[in-house]
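Engineer: heads up, no residue letters with this:
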Ligand SMILES: Nc1ncnc2c1ncn2[C@@H]1O[C@H](COP(=O)(O)OP(=O)(O)OP(=O)(O)O)[C@@H](O)[C@H]1O
Ligand SMILES: [Mg+2]
């Protein structure tokens, strides 16, 4: 049994196969500290809230941290920022270890193959993803998985572009980042990220309308509609403006990076995934801006992705299953080779 794990700024999602279906397990990548007096342990146990006890209180983890943050009017803390471990959050690694542990569970066999997603290096900040990548690799290896790492954009290609033999452009518009990969027959020719995603949209829309960021995020996730018929001056209006700005920024950077490579002369299909690709009207807007941009490569179809928030985890699972199959075949081959090895004749 192989597994795929999408480790994101907002969500940690595991994908595994159960007979013919893919099962997803998801948690928010967030936590919140409470004093012991705020809530009793019994209450938390009854309501099956995910938490750990600390010296001076309790830390709520995942989805529950978000829910209780609104109730207690506190801010949920986030172990990651802009796609990588937050340097400002001293609890980041132990908290992520717990959340990853609950989402992933124990391996079902020794050295179970696991593919985890990692962002590509950003081109618009001087952040480096190496430390994050190595830490997550070590963390999951410590849980006895045979961990491999895959670029987030390539995971989208694995998930969505099998019909074109994994040739195409995969884009994941997440919370802290947007990741882009161009691959030819599953080989990445270009991967990059930009440090803007849903969080950037929320921050800008909050600043422009004077609304708290949490309110903007909640409106965005509930209403999720972009287009001309939204009321200007409203949060929805601001969201439409900044969604358009983000899309234009992604495409401009894509074109810039394309000028640095010489891709084969084929038409590339495009798949756009990630949680921020969910609002109604997003796909149409992206397709329109992409066609208008007249990129320096030919584009085939722009694929509509169903459940875009699950796409990266699904791609990681496909990579893991392919690796598992390869491992089995190699083992079979080495066994047949040993069996058919000629036995040297004994000297008389
Ligand atoms: N229905 C929705 N409409 C619009 N945006 C949404 C919706 N649901 C979630 N989002 C946004 O999607 C983003 C989370 O997406 P995703 O899970 O792909 O990100 P992530 O993988 O955690 O982050 P990253 O890849 O940047 O590290 C958040 O900004 C969230 O607010
Ligand atoms: Mg992501």
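Structural biologist: Okay, I see it. These numbers come from a predicted model, not from an experiment. Ligands and ions are numbered 1, 2, ... in the order given.
Engineer: where are the low-confidence patches of the stretch 201-348 of the chain?
Structural biologist: Scanning the stretch 201-348 of the chain for pLDDT under 70 picks out the ranges 223-224, 338-348.
Engineer: what ranges do the helices span in it?
Structural biologist: For the stretch 201-348 of the chain, the helices defined by DSSP state H, counting those that start in this stretch cover 213-223, 235-258, 282-293, 311-340.
Engineer: closest one to ligand 2 among these?
Structural biologist: helix 311-340 (5.4 Å; Cβ to the ion). C-beta coordinates here come from the backbone N, C-alpha and C atoms, glycine included.
Engineer: what is the neighbour count of whatever residue of the stretch 101-250 of the chain ends up closest to ligand 2?
Structural biologist: Using Cβ to the ion, the single residue of the stretch 101-250 of the chain nearest to ligand 2 is residue 174, 3.3 Å away. By other Cβ atoms under 10 Å, 29 other residues sit near residue 174.
Engineer: now do the one 4 residues further on
Structural biologist: Using other Cβ under 10 Å, residue 178 has 31 neighbouring residues.
Engineer: torsion angles phi and psi at it?
Structural biologist: Dihedral angles of residue 178 (phi, psi; degrees, to the nearest 10) stand at phi -130, psi 130.
Engineer: please renumber the chain so that the first residue is 38 from this point on.
Structural biologist: Renumbered: residue one is now 38, and that last one reads residue 215.
Engineer: so who does it touch?
Structural biologist: 208, 209, 230, 231, 233, 234, 283, 287, 311, 313 (Cβ atoms under 8 Å, 6 or more residues apart in numbering).
Engineer: 10 Å instead, please
Structural biologist: Residue 215 sits next to 120, 156, 159, 189-190, 208-209, 229-235, 237, 283-284, 286-287, 290-291, 309, 311, 313-314 when contact means Cβ atoms under 10 Å, 6 or more residues apart in numbering.
Engineer: buried among the residues you listed? Make that a ChimeraX selection.
Structural biologist: To isolate the buried ones among the contacts of residue 215 in ChimeraX, judged by 16 or more other Cβ atoms under 10 Å, type:
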select :120,156,159,189,190,208,209,229,230,231,232,233,234,235,237,283,284,287,290,291,309,311,313,314
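Engineer: take the contacts of residue 215 and keep only those in strands.
Structural biologist: 208, 209, 229, 230, 231, 309 (DSSP state E).
Engineer: that older thread, from the contacts of residue 215, pick out the ones that also neighbour ligand 1.
Structural biologist: 120, 209, 234, 235, 311, 313 (Cβ under 6 Å from any ligand atom).
Engineer: and the third one, how far is that from residue 208?
Structural biologist: Residue 234 is 11 Å from residue 208, where distance means Cβ to Cβ, to the nearest Å.
Engineer: now for these two: what residues contact both?
Structural biologist: Looking at what touches both residue 234 and residue 208 (by Cβ under 10 Å, 6+ apart), the common residues are 215, 216, 287, 311.
Engineer: adding distance to residue 327, write these out as a markdown table.
Structural biologist: Below are the shared contacts of residue 234 and residue 208 laid out as a markdown table (distance: Cβ to Cβ, whole Å):
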| residue | distance to residue 327 |
| --- | --- |
| 215 | 14 |
| 216 | 16 |
| 287 | 9 |
| 311 | 16 |
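Engineer: restrict those residues to those near ligand 2?
Structural biologist: Among the shared contacts of residue 234 and residue 208, proximity to ligand 2 is found for none (Cβ under 5 Å from the ion).
Engineer: quick one: which of these is nearest to ligand 1?
Structural biologist: residue 311 (3.9 Å; Cβ to the nearest ligand atom).
Engineer: assess the claim that that closest one and residue 345 are in contact.
Structural biologist: Yes - look at residue 311 against residue 345 with Cβ atoms under 10 Å: they come within range, at 5.8 Å.
Engineer: quickly list what's touching both of these two.
Structural biologist: With Cβ under 10 Å, 6+ apart as the test, residue 311 and residue 345 both reach 193, 208, 209, 210.
Engineer: excluding chain neighbours, give the residue nearest to the second one in space.
Structural biologist: The shortest distance from residue 208 to any non-neighbouring residue, by Cβ to Cβ, 6 or more residues apart in numbering, is to residue 309 (4.6 Å).
Engineer: for the one you found, give its distance to residue 185.
Structural biologist: In terms of Cβ to Cβ, residue 309 sits 25 Å off from residue 185.
Engineer: and for residue 366?
Structural biologist: Counting by Cβ to Cβ, the gap from residue 366 to residue 185 is 17 Å.
Engineer: the two - which one has more neighbours?
Structural biologist: Taking other Cβ under 10 Å, residue 366 and residue 185 do not tie; residue 185 has more neighbours (16 against 10).
Engineer: tell me the confidence at the closest residue to the more buried one other than its chain neighbours?
Structural biologist: Leaving out its chain neighbours, the residue that sits closest to residue 185 by Cβ to Cβ, 6+ apart is residue 152, at 5.1 Å. Residue 152 is assigned 98 on the pLDDT scale.
Engineer: am I right that residue 152 is in contact with residue 189?
Structural biologist: No - using Cβ under 10 Å, residue 152 makes no contact with residue 189, being 11.2 Å away.
Engineer: shared neighbours, these two?
Structural biologist: Going by Cβ under 10 Å, 6+ apart, residues that sit against residue 152 and also against residue 189 are 43, 352, 353.
Engineer: tell me the contacts of the last one?
Structural biologist: When contacts are counted by Cβ under 10 Å, 6+ apart, residue 353 is found next to 39-44, 50-52, 151-154, 185-187, 189, 191-192, 195-196.
Engineer: much appreciated, bye for now.
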